[in-house]
Each structure stands twice: as C-alpha cells, then as structure tokens.
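Enquirer: would you be able to build a 3D model of this:
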Amino acid sequence: MKIYKTMLNKNVLALTLSVAFLMSCDPKKDDANKDELVETVDTVKTSVVNVGGELFSVPSPIQTALLIQKSGITYDKAILHSSNKVNTFSTDYAKSINLGIYGADLGYVSLYNQTQDALGYLASVKQLADKLGISAAFDASTMERIKNNVTNKDSMMVLVGIAYRGSDAYLKNNQRSNVSSLILCGGWIESMHFSVTAYKIKPTEGVRFRIAEQKQALGSLIKILGSSTEPEVVALTAQLTDLSKIYDGIQFKYNFVEPVTDTAKKMTYINSTTEVIVSDEQIAQITEKIKEIRNKIINTSQS
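Expert: Numbering: from 1, shown residues only. Below is the predicted model:
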C-alpha cells in the first residue's frame, strides 16, 4: 500500500469559507451595463456556517475549482451536471441539493471563462430557485449584473459569491435552513467530484491534500443534516456517514513551529505545518463513494 505524506502550512489547512460559493469582494460601478469588480479573496480567512446556533466550517467549491485550474487541468464540460435536467427534479430535496450542484458548476465554468455554459447554468440556478419559491433569495439586481458580466471571469466569480451569500442569509432569515443546508451540501459534493476527477487526470499534491482535508467538513455536513427526519435526507446522511468511515483512516499530524513576528511590518508568520498521511486505496475508496452519492443525487427525479 502506497502512503502519501504531505506537509502544508497551517494557513492552507485553514482555507475554509462559510457558504458554498462565498467570496469576499469590493464591487465598483463602471457603467449601466458593466461592473468593474475587484476580487479581494483572503485565502487564509476562516468563516463559519451558523446552523441552529452551532458553528460549522465548509470549504468553498470555487476555491476547489481554482486549485484545479492552477494545477494545469483544462476545462471539461463532461464532468459537470447536465444543465437541462432542471425539470426532472420534483421534490424540494432534489431541487435544493441539485441547486447546490448547479451553483458549484456555475462557479467552475465562470472560472474557465466559458460564457455560453455560464449562461446555461445561470438559467438552471434561477429556474430551480423559482421552483423552490426562493427567487427573492437571489437579488434581482445581482442576477442582472451577472448576466451583464458573463464575459468577465473576475467579475463573474465575485458576483456568484454575492448571489449565494445573499441567498444563504435570506433562507436563514426566513426559517428555511433545511433548504440552505442542502444547497451547501450539494456544493460540497460537487466540489469533491471536481477534486477526485482532477486527481485521476493529474494526481498533484495540492489536489490530494484538498481531498484528504475534507474530513472535518464532512463531519460538519453530517451534523448539519443529522437532525432532519425526511427520508431522503436521512438516506443521504447515511451515505455521508459511510464516506466518513473511509476518512477515519486518514491521519493528520500537527507540527508546531514557533511563529515569527516582523515588528517593522506588524506581521506574524505562521510556520506550523500539518502532515497528512493518506493511501492510494483510501483515495480510490473516497472517489468511488463520491461518485455513488453524486450519481444518486443528479438522477433523483421521482416525486
């Protein structure tokens, strides 16, 4: 059994965002049809999801897609959820979790600057939001700005983040955290699908670490969904619990190194590292389980 060990700075391990697709930004108006948006993503900032008074941390699918692109892997539409399946989802469960998947796909195609595909996934997101009765969650002006900036990759990344941050806040304020949780879960599953697919194509250390570090996020999702008694959610939680058993074998070792402070610059540099020990077999098992879970979700069409 081949064992991989990787040492990464703790700052990298801390790369988590509160909501699927959440990105920090500074919007600036340019003209009536275009917005010049400056992305100010803090790659070491950690935010959390507040569900039922409990705090959870889940990585952003956009950050995963960014890592994959930086690995030199080219755009592949075949790995995405088909955007024309919107009308096959008849239950709120299927609509909610597939909305999360489509949102992650929208971030992926935007990152690769695929204009026509971005329009297709934007339409799918809007249609599912309408079907769920949560159109107000996606601010009309933001959606219009997304359409107007669809050819601008940087602006699209920021605007997708704004839309989903706003939708998460709206759903929680209107006591629809169940929908918000499923959207979050769908985005996480799709980002895992991106990761395991990319690793098969090009097994880089960065992507391997991204897959391995999801142990904590997976535990958070299981807790978020665990209070639901809806049969579909209970079945999904059981599948995620099976996945967590694979993750139980992945080992993390924290190595403390004294931080260094630059008093002149008023900055402190974190030098501690985390060692991750994960085998080829574990990666293969995670890949198969993610494939199984995702296939069931995207093919859920029964009422």
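Enquirer: hey, where'd the strands end up in the stretch 101-250 of the chain?
Expert: Assigned by DSSP state E, counting those that start in this stretch, the stretch 101-250 of the chain shows no strands.
Enquirer: show me where pLDDT drops low in it?
Expert: 135-143, 146-147, 149-177 (pLDDT under 70).
Enquirer: neighbours of the residue nearest to Lys131 when sequence neighbours are not counted, just the number please.
Expert: The spatial neighbour of Lys131 that comes closest, neighbours along the chain excluded (CB to CB, 6 or more residues apart in numbering), is Lys95 at 5.5 Å. For glycine as for every other residue, the C-beta is placed from the backbone atoms N, C-alpha and C. By the measure other CB atoms under 10 Å, the count of residues near Lys95 is 23.
Enquirer: what's the answer for Ile224, then?
Expert: So Ile224, with other CB under 10 Å, has 23 neighbours.
Enquirer: test my guess that it contacts Leu184.
Expert: Yes. Between Ile224 and Leu184 there is a contact under CB atoms under 8 Å: 7.3 Å.
Enquirer: quick revisit: what comes up buried for the helix or strand encompassing the residue nearest to Lys131?
Expert: Element membership of Lys95, judged by DSSP states H and E, is helix 92-111. Of the residues in helix 92-111, 92-111 count as buried by neighbour count, 16 or more other CB atoms under 10 Å.
Enquirer: and for stretch 220-235?
Expert: Going by neighbour count (16+ other CB under 10 Å), the buried part of stretch 220-235 is 220-222, 224-225, 228, 232-233.
Enquirer: ends of it, how far apart?
Expert: With CA to CA, to the nearest Å applied, stretch 220-235 spans 17 Å between its terminal residues.
Enquirer: likewise for stretch 72-92?
Expert: Stretch 72-92: ends 37 Å apart by CA to CA.
Enquirer: quick one, longest helix in the chain?
Expert: With residue count as the measure and DSSP state H as the assignment, the chain has helix 177-201 as its longest helix.
Enquirer: what sits against Leu240?
Expert: Contacts for Leu240 (CB atoms under 8 Å, 6 or more residues apart in numbering) come out as 218, 221-222, 225, 293.
Enquirer: which of the residues you listed lies closest to Gly249?
Expert: Nearest to Gly249 out of the contacts of Leu240 is Leu218 (CB to CB; 13.3 Å).
Enquirer: neighbours of that closest one, how many?
Expert: 19.
Enquirer: isn't Tyr199 up against Gly206?
Expert: No. If you go by CB under 8 Å, Tyr199 and Gly206 don't touch, sitting 9.9 Å apart.
Enquirer: more neighbours, these two?
Expert: Tyr199 (22 against 17).
Enquirer: got the contact list for the nearest residue to that one once chain neighbours are set aside?
Expert: In space, Tyr199 comes closest to Val207 once its chain neighbours are excluded; the distance is 4.9 Å by CB to CB, 6+ apart. Each residue near Val207 by CB under 8 Å, 6+ apart is listed here: 67-68, 71, 195, 198-199.
Enquirer: include distance to Glu288 when you put these into TSV, please.
Expert: Putting the contacts of Val207 into TSV (distance: CB to CB, whole Å) gives the following:
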residue	distance to Glu288
Leu67	22
Ile68	20
Ser71	22
Ser195	14
Ala198	16
Tyr199	13
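Enquirer: of these, closest to Lys131?
Expert: Nearest member of the contacts of Val207 to Lys131, counting by CB to CB, is Ser195, at 28.8 Å.
Enquirer: that closest one and Trp188, how far apart?
Expert: Ser195 sits 11 Å away from Trp188, going by CB to CB, to the nearest Å.
Enquirer: from Val260, how far off is Lys296?
Expert: 48 Å.
Enquirer: more neighbours: which of these two?
Expert: Lys296 (13 against 10).
Enquirer: just the helices in this structure please.
Expert: Here the chain has its helices, by DSSP H, at 10-13, 61-70, 92-111, 115-131, 140-148, 153-173, 177-201, 205-212, 215-225, 231-247, 280-298.
Enquirer: tabulate those helices (JSON lines), appending distance to Ile270.
Expert: Formatted as JSON lines, the helices of the chain follow (distance: least, CB to CB, whole Å):
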{"stretch": "helix 10-13", "distance to Ile270": "6"}
{"stretch": "helix 61-70", "distance to Ile270": "19"}
{"stretch": "helix 92-111", "distance to Ile270": "28"}
{"stretch": "helix 115-131", "distance to Ile270": "36"}
{"stretch": "helix 140-148", "distance to Ile270": "35"}
{"stretch": "helix 153-173", "distance to Ile270": "25"}
{"stretch": "helix 177-201", "distance to Ile270": "25"}
{"stretch": "helix 205-212", "distance to Ile270": "17"}
{"stretch": "helix 215-225", "distance to Ile270": "18"}
{"stretch": "helix 231-247", "distance to Ile270": "25"}
{"stretch": "helix 280-298", "distance to Ile270": "27"}
